[in-house]
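**Student:** dropping the sequence and predicted coords here.
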Amino acid sequence: MRIENLRARLRELGAKPCHEDRLMRAWLQRLPLDGGPRPQEHFLPLALRQALPVLTAELDGLARLRSQHPGEDGSSRLLVELADGQTVESVLLPRDGLCVSTQVGCAVGCVFCMTGKDGLLRQLASAEIVAQVALARSLRRVHKVVFMGMGEPAHNLDNVVEAIETLGTDGAIPHKNLVFSTVGDERVFERLPQMRVKPALALSLHTTRAGLRAQLLPRAQRIQPEALVELGEAYARATGYPIQYQWTLIEGVNDSADELEGIVRLLAGKYAVMNMIPFNTVEGLDFRRPSWEKAADAARWLHQRGVLTKLRRSAGQDVDAGCGQLRAREIKIGFVARERRLAERSAQS
Ligand SMILES: C[S@@+](CC[C@H](N)C(=O)[O-])C[C@H]1O[C@@H](n2cnc3c(N)ncnc32)[C@H](O)[C@@H]1O
Ligand code: SF4
């Protein structure tokens with residue numbers, strides 16, 4: 001369901017803009033509809049009031065909690081079931097953050113990412129994206145939303161833009177606390193500056209070498225790293241807050257002295273923060289995670305040369321932290337259980 005379709009339905013039931021806003025705020029901020037100065041029977045049109053139970057059930061069904069996996073660091077990974085039975089992951093992050101998914105699967109196919117392994121299965125509609133926030137708020141306070149779960153937001157731009165504008169208004173999330181994470185795409189740099197609610201931007205760079213980037217991110221748009229940084233810098237200057245660069249640090253792949261010098265060449269003096277995240281092991285992939293000490297040395301070296309660098313752990317390190325792993329594990333368990341049932345049945349017959 002697109003948010004614009006939901007709003008059109010409310011209007012068909014007689015909602016005026018003030019009714020629409022009140023219902024959207026009640027859904028996304030989990031406010032009681034009876035909580036305001038005017039009870040709903042004095043406020044909402046009758047047709048709308050009568051349709052509310054069906055509407056509420058439909059909204060609740062957009063994103064349901066299938067399972068929750070708390071980590072030792074205060075984060076908690078959520079496996080979320082969509083109305084058609086597909087699943088995506090959201091992560092409750094420490095300090096009131098939430099990481100949401102924008103697609104089931106992903107077409108970019110980054111070689112180190114579990115989500116990209118099976119390609120794109122389907123887009124999430126804008127209402128399904130914001131429903132992850134409504135669901136998370138039923139569990140905990142949410143004051144920041146990062147679009148860093150499953151999927152590439154640039155490949156589902158209309159829905160992600162609609163979700164951001166809704167969260168930044170009816171969802172009461174400050175615009176700098178909405179973080180659009182992308183491998184980079186020209187459409188993003190055209191669209192984001194025009195948005196009513198301008199999110200912060202995270203660019204997944206991973207290497208300063210165009211050839212290696214094409215290997216690591218096979219179906220990302222081919223933009224030279226220098227050009228990507230220029231586009232990022234222009235957005236940072238226009239919006240007045242820094243770009244976050246994401247660097248999944250993989251031993252022997254993008255942790256060489258050459259790469260670190262490349263980062264200094266590209267980012268020293270830029271309005272930017274470099275987030276280094278040691279690779280999370282993904283079953284079936286041969287990549288190695290560098291030691292924490294080596295990663296900390298790299299971060300310190302960059303910092304001393306004018307690149308503001310933060311070394312970060314993925315949230316929920318102890319619970320399938322790599323994005324897409326929880327979903328993949330659940331699918332594998334379901335597959336093994338189904339195979340076992342079939343084997344038992346054929347043994348009985
Ligand atoms: C899952 S992506 C979603 C947002 C968008 N598609 C992107 O790539 O920026 C968010 C971040 O997770 C990182 N990531 C994916 N797989 C990872 C892994 N196995 N270990 C560490 N980080 C990983 C990506 O590099 C990216 O920076
Ligand atoms: S890292 Fe991001 S772009 Fe790459 S496959 Fe995973 S979700 Fe897609």
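**Tutor:** Everything's here; your move. Ligands and ions are numbered 1, 2, ... in the order given.

**Student:** all helices for the stretch 201-349 of the chain, in order.
**Tutor:** Secondary structure of the stretch 201-349 of the chain (DSSP state H, counting those that start in this stretch): helices at 210-216, 225-239, 257-267, 292-304, 325-348.

**Student:** mean confidence for the first one?
**Tutor:** I take that to be helix 210-216. Helix 210-216 comes out with an average pLDDT of 98.

**Student:** and stretch 52-67, by the same measure?
**Tutor:** For stretch 52-67, mean pLDDT rounds to 97.

**Student:** pick out the shakiest of the helices of the stretch 201-349 of the chain, pLDDT-wise.
**Tutor:** Across those, the lowest-scoring stretch is helix 325-348, with a mean of 61.

**Student:** any idea which helix or strand carries Ala134?
**Tutor:** For Ala134, the element it lies in under DSSP states H and E is helix 126-137.

**Student:** on that earlier part again, got CSV for the helices of the stretch 201-349 of the chain, with distance to Thr182 too?
**Tutor:** For every residue, glycine as well, the C-beta is placed using N, CA and C. Converted to CSV, the helices of the stretch 201-349 of the chain look like this (distance: least, C-beta to C-beta, whole Å):
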stretch, distance to Thr182
helix 210-216, 14
helix 225-239, 10
helix 257-267, 17
helix 292-304, 22
helix 325-348, 21
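
**Student:** relative to Asp286, which of the ones you listed is closest?
**Tutor:** Taking C-beta to C-beta, helix 210-216 is the member of the helices of the stretch 201-349 of the chain nearest to Asp286, at 13.6 Å.

**Student:** any regions of the stretch 1-150 of the chain where pLDDT drops low?
**Tutor:** Scanning the stretch 1-150 of the chain for pLDDT under 70 picks out the ranges 35-41.

**Student:** any chance you could map the strands in it?
**Tutor:** Counting by DSSP state E, counting those that start in this stretch, one finds strands in the stretch 1-150 of the chain at the ranges 63-70, 76-82, 87-93, 97-99, 103-105, 120-123, 144-147.

**Student:** next to ligand 2, which bits of the stretch 1-150 of the chain? Give me the list.
**Tutor:** Within the stretch 1-150 of the chain, the residues that sit near ligand 2 (C-beta under 6 Å from any ligand atom) are 106, 108-110, 113, 115-116, 150.

**Student:** show me which pair in those is furthest apart.
**Tutor:** Within those, Gly109 and Met150 form the most distant pair, 13.0 Å apart (C-beta to C-beta).

**Student:** which residue ranges make up each domain of the protein?
**Tutor:** By the assignment in the TED database, the chain contains the domains 1-61, 64-341.

**Student:** find the nearest non-adjacent residue to Arg305, please.
**Tutor:** Using C-beta to C-beta, 6 or more residues apart in numbering and skipping the chain neighbours, the partner closest in space to Arg305 is Val264 (4.7 Å).
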